[in-house]
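Asks: need coordinates for the following:
(2 chains)
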Amino acid sequence: MDVSYLLFILMLSVFLGFELINKVPATLHTPLMSGANAISGITVVGAVALAGSGNEDLAQWLGAGAVALASVNVVGGYMVTDRMLGFFKKKEG
Amino acid sequence: MTIELIIQLGYVIAAGLFIFGLKMLGSPDTARKGNGISAVGMLVAIVAALLDQGIVQYEYILGGMIVGGAVGAVAARTVAMTSMPEMVALFNGVGGAASGLVGVAALSIADGSFTYITIILSILIGGVTFTGSLVAYGKLSETIGSGAVTFGGQKFVNGLIVIGILASAVMFVMDPTNTNMLYAVVGLSLLFGIMVVIPIGGADMPVVISLLNSYSGLAACAAGFAVDNNVLIVAGSLVGASGIILTQIMCKAMNRSLSNVLFSGFASVSTTVTEVEGEIKPISVEDAYYVLEAATNVAIIPGYGMAVAQAQHVVKELMELLEANGCEVNYGIHPVAGRMPGHMNVLLAEADVPYDQLLEMDDINPRMETVDVAIVIGANDVVNPAAREVESSPIYGMPVINVADARTVFVLKRSMASGFAGIENPLFYKDNTRMLFGDAKESIGGLVREFS
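Replies: Coordinates of the predicted model:
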């Protein structure tokens, strides 16, 4: 893909990120962080192509390692965030 | 429709779901659903990625996912909420390592200087995030000392490492067949991650975790450039932006610049002995009960000490008894209370405290004058009036919760040792302050027994 096109995406999403996160209240900052952790597990998407290349070389093993590590982030991150957010309740009545 | 187009559309949908999920995190009412939407986005992205025609062998992928997913699931289910900072630190490190590995593995498909540069970047950021997070984990869990580690010539050594990274990176990009240079970047990045976190003291860990959180996103972003994948760039930069904002909030709450947090370990610590006037006035549980029974407005200011003593559940019991007694109870939560942003809120939410009673510093301070009793539980520096009154204090200028404005202040404290930052606290000597010595959980438990 064209480099300038990728940089364009980068710039827009950084600004969007700032706008979105600024609206998150302080009370939710810990779940925000663990949720962000889960999202950074997106690396798994880049890793699967490398882990499935079928070349039986070092790159494939490294890719498989990356898949495993990123899966820790994805599964662990979303689950623990969900667990935490389940605690937040409004006052009854 | 070609497979390639379907994959790209899947990525677009995933990015949209991530953005929507983060937007819903803006309110506690919708946050849980938002997290779910974000998770659906991740599922869509992974399914799309698996459609890739280049994938001919699924064993490695499945193996990795099962192992990683199982580890993640067990960790997420078993971690105690008090240990969330360590957990997040570890997850940051794992994310950084994953992106670094993708960078190394992407070498097999790389061509063109730009790709080599982005590979180097993902290895560098990923490596620093990985070892930096491990050190942060060690400090937070106190498996290694939480103090700042400094030695003579540290700046010089760090400078050498940076020059070494730059030099080997340039040489590798100029001649990508020279893999020794690549290994040098890997090794030096890992070393650099350790070196940048060891001089930072335990009290500054909220800033460090936020920053490493940001790095783990940026590493994913760099990996996205390396493998030419725009969903990695979008998701990575969202995480990067989130970490940077949290870092800023933490720095502001400590009235320090980021560079001051990162490098202050190098400055010689000036230990100015502040003469504090007045005397310590201890109070018994029984007397504290009589004061609380007559109070109509109570503010509870928790700190990390509450988490250490596991006192959040008895605090909630006390809150219920006070409310039954016709008293208004609120919590005042300083942005850097605890070891990570929002840590106290999660602990109190776990103990069933409604989130609308968890007030931010700027909301509780104007009300403080109408508060009859402010109960400080295991917090120290975030309620230290020296930040407002003593110009020579190292924390002068830091915004604090003005508990001294309340009619009476109870400070629950184990002993007279100074806080995590090691700074004397004049609050303990104020006329309207009473010290309730002992384990916070036992002291509050005693108050609960007096009420019932």
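
Asks: stretch B:99-108: which residues count as buried?
Replies: Buried residues in stretch B:99-108, counted by 16 or more other CB atoms under 10 Å in any protein chain shown: B:99, B:100, B:101, B:102, B:103, B:104, B:105, B:106, B:107. Yep, even glycine has a C-beta here, placed from its N, CA and C like the rest.

Asks: stretch A:69-84 vs chain B: in contact?
Replies: Yes - where contact is defined by CB under 8 Å from any CB of the partner chain, part of stretch A:69-84 touches chain B, namely A:69-84.

Asks: just how off-centre is that stretch within its chain?
Replies: With CA atoms, centre = their mean, to the nearest Å as the basis, stretch A:69-84 stands 9 Å off its chain's centre.

Asks: now the residue of the stretch 101-250 of chain B found nearest chain A. Nearest residue, chain neighbours left out?
Replies: Taking CB to the nearest CB, chain A has its nearest neighbour within the stretch 101-250 of chain B at residue B:241, 2.8 Å off. Nearest-residue entry for residue B:241: residue A:17, 2.8 Å, with adjacent residues in sequence omitted and distances by CB to CB, 6 or more residues apart in numbering or on different chains.

Asks: would you mind listing what in the stretch 301-450 of chain B touches chain A?
Replies: B:333, B:335, B:340-343, B:345-346, B:349-350, B:352, B:354-358, B:360.

Asks: helices or strands next to whichever strand or helix holds residue B:60 in the packing?
Replies: Element membership for residue B:60 (DSSP states H and E) is helix B:59-78. Packed against helix B:59-78 by the contact rule (3 or more CB pairs under 8 Å, 6 or more residues apart in numbering or on different chains; DSSP states H and E) you find helix A:43-51, helix A:58-71, helix A:77-85.

Asks: try it again at 10 Å.
Replies: Under the contact criterion of 3 or more CB pairs under 10 Å, 6 or more residues apart in numbering or on different chains; DSSP states H and E, helix B:59-78 touches helix A:29-40, helix A:43-51, helix A:58-71, helix A:77-85, helix B:31-50, helix B:84-105.

Asks: which of the buried residues of stretch B:99-108 lies closest to residue B:408?
Replies: Distance to residue B:408 across these (CB to CB) is lowest for residue B:99, with 52.1 Å.

Asks: OK, contacts around the residue nearest to the closest one when sequence neighbours are not counted?
Replies: Closest residue in space to residue B:99, ignoring its immediate chain neighbours: residue B:219 at 3.6 Å, by CB to CB, 6+ apart. For residue B:219, the contact set (CB atoms under 10 Å, 6 or more residues apart in numbering or on different chains) comprises A:40, A:43, B:92, B:95-100, B:102-103, B:121-130, B:236, B:239-240.

Asks: separate out the buried members of those.
Replies: Among these, the ones that count as buried by 16+ other CB under 10 Å are A:40, A:43, B:92, B:95-100, B:102-103, B:121-130, B:236, B:239-240.

Asks: which SS class is residue B:374?
Replies: strand (DSSP: H, G, I helix; E, B strand; the rest coil).

Asks: tell me the contacts of residue A:59?
Replies: Going by CB under 10 Å, 6+ apart, residue A:59 touches A:50, A:51, A:53, B:101, B:104, B:105, B:106, B:107, B:108, B:109.

Asks: below-threshold pLDDT in the chain: ranges please.
Replies: Picked chain A for this. Applying pLDDT under 70 to chain A flags residues A:1, A:93.

Asks: you looked at the wrong chain, it should be chain B
Replies: Using pLDDT under 70, chain B drops low at B:264-277, B:417-423.

Asks: let me see the domain layout of it.
Replies: With domains defined by automatic domain parsing, chain B comprises B:1-78, B:83-266, B:285-451.

Asks: so which of these gets nearest residue A:22?
Replies: Comparing the domains of chain B under CB to CB, the one sitting nearest is domain B:83-266, at 6.2 Å.

Asks: could you report the neighbour count for the residue nearest to residue A:34 when sequence neighbours are not counted?
Replies: Spatial nearest neighbour of residue A:34, chain neighbours left out: residue A:81 (4.6 Å); criterion: CB to CB, 6+ apart. Residues lying near residue A:81 (other CB atoms under 10 Å in any protein chain shown) number 30.

Asks: thought residue A:81 was touching residue B:35?
Replies: Yes - Residue A:81 is within contact range of residue B:35, at 4.9 Å (criterion: CB atoms under 10 Å).

Asks: who touches both of these two?
Replies: A:31, A:32, A:34, A:35, A:38, B:25.

Asks: neighbours of residue 85, how many?
Replies: I'll assume chain A. Using other CB under 10 Å, residue A:85 is surrounded by 24 other residues.

Asks: if you could check chain B rather than the one you did, that'd help
Replies: Residue B:85: 25 neighbours (other CB under 10 Å).

Asks: ok, now the one 4 residues further on?
Replies: Here the number of neighbours of residue B:89 (other CB under 10 Å) works out to 29.

Asks: helix, strand or coil for residue B:157?
Replies: Judged by three-state DSSP, the three-state class of residue B:157 is helix.

Asks: right, and it touches residue B:196 too?
Replies: No - judged on CB under 10 Å, residue B:157 makes no contact with residue B:196 at a distance of 11.4 Å.

Asks: which residue of these two possesses the greater neighbour count?
Replies: With neighbours defined as other CB under 10 Å, residue B:157 and residue B:196 compare such that residue B:196 has more, 20 against 13.

Asks: tell me how far the longest helix out of those in chain B is from the chain's mean position?
Replies: Taking DSSP state H as the criterion, chain B has its longest helix at helix B:113-140. Averaging C-alpha positions (CA atoms, centre = their mean) puts helix B:113-140 18 Å from its chain's average.

Asks: same thing with stretch B:244-263?
Replies: Its chain's C-alpha centre and that of stretch B:244-263 lie 12 Å apart, by CA atoms, centre = their mean.

Asks: buried residues in that stretch, which are they?
Replies: For stretch B:244-263, by 16+ other CB under 10 Å, it's B:244-247, B:249-251, B:253-254, B:256, B:261-263.

Asks: alpha carbons only: can I get it in PDB?
Replies: What follows is stretch B:244-263 as a C-alpha-only set of coordinates in PDB (Å, rounded to 0.1, in the frame of the first residue of the first chain):
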ATOM      1  CA  ILE B 244      -0.800   9.600  26.000                       C
ATOM      2  CA  ILE B 245      -3.900  11.300  27.300                       C
ATOM      3  CA  LEU B 246      -3.800   9.300  30.500                       C
ATOM      4  CA  THR B 247      -0.100  10.100  30.900                       C
ATOM      5  CA  GLN B 248      -0.900  13.800  30.600                       C
ATOM      6  CA  ILE B 249      -3.700  13.600  33.200                       C
ATOM      7  CA  MET B 250      -1.300  11.800  35.600                       C
ATOM      8  CA  CYS B 251       1.400  14.300  35.200                       C
ATOM      9  CA  LYS B 252      -0.900  17.200  35.600                       C
ATOM     10  CA  ALA B 253      -2.300  15.600  38.800                       C
ATOM     11  CA  MET B 254       1.200  15.500  40.200                       C
ATOM     12  CA  ASN B 255       2.100  19.000  38.900                       C
ATOM     13  CA  ARG B 256       5.100  17.600  37.100                       C
ATOM     14  CA  SER B 257       6.200  17.500  33.500                       C
ATOM     15  CA  LEU B 258       6.700  14.100  31.800                       C
ATOM     16  CA  SER B 259      10.400  14.700  31.500                       C
ATOM     17  CA  ASN B 260      10.600  15.500  35.200                       C
ATOM     18  CA  VAL B 261       8.900  12.200  36.000                       C
ATOM     19  CA  LEU B 262      11.100  10.200  33.600                       C
ATOM     20  CA  PHE B 263      14.400  11.800  34.600                       C
END
